[in-house]
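In: only geometry, no sequence info:
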């Protein structure tokens, strides 16, 4: 069954400033590249400071392109493939987690995750109630440039775009992805 996915760029406040509707359903990884190419032509890559995306874009190949071709730092939630789970379990045994400020029932620790032979700065969030760890990775190495708290804050900002989408549909707007399903876009 043919479907439609909508991918978008938004600012730090979750306001969408560019989107693309994908009728071919190529997936997030391909659409991240296409969005970067399109937005780069319009506003220039120098205006894009940090790219934040969900685990659907998790790919060592994409990470390499983001670093070498686009030269844009990124933050994403790591997919827990067996190799990554093994690294997380080893990290957990060797490290102590500390309370996350202003977050009850969550602790964190910092370290690295190796993905395709490359080490990435990682932030491991432990949800105490479920005993699950959510690993975030970034190419921003310097904590002075981006603290652990900012890393989490920036990642959580991408959820604001979903709230923005939901607000459009509730207000009768036509920018919610569900309202875009019947429209053909080039």
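Out: That came through, no problem. Computed from a prediction, not measured in an experiment: that's the story for all the values here.

In: can you give me the helices for this protein?
Out: Here the chain has its helices, by DSSP state H, at 28-43, 60-68, 82-94, 148-170.

In: ok, now how distant is the spatially most central residue of the chain from residue 103?
Out: The structure's the chain has its C-alpha centroid closest to residue 53; by CA atoms, centre = their mean the separation is 2.1 Å. Distance of residue 53 to residue 103, computed by CB to CB, to the nearest Å: 22 Å. All C-beta spots, glycine's among them, are computed from the backbone N, C-alpha and C.

In: same check, this time on residue 95
Out: 18 Å.

In: OK, contacts around the residue nearest to the centre of the chain?
Out: 28, 32, 74, 76, 158 (CB atoms under 8 Å, 6 or more residues apart in numbering).

In: beta partners of it?
Out: Beta-bridge partners for residue 53, by DSSP bridges, are residue 76.

In: among the helices of the chain, which is nearest residue 133?
Out: Closest of the helices of the chain to residue 133 is helix 82-94, at 5.6 Å (criterion: CB to CB).

In: please state the offset of that closest one from the chain centre?
Out: Mean-position distance between helix 82-94 and its chain equals 21 Å (CA atoms, centre = their mean, to the nearest Å).

In: quick one: mean pLDDT over it.
Out: Averaged across helix 82-94, pLDDT comes to 96.
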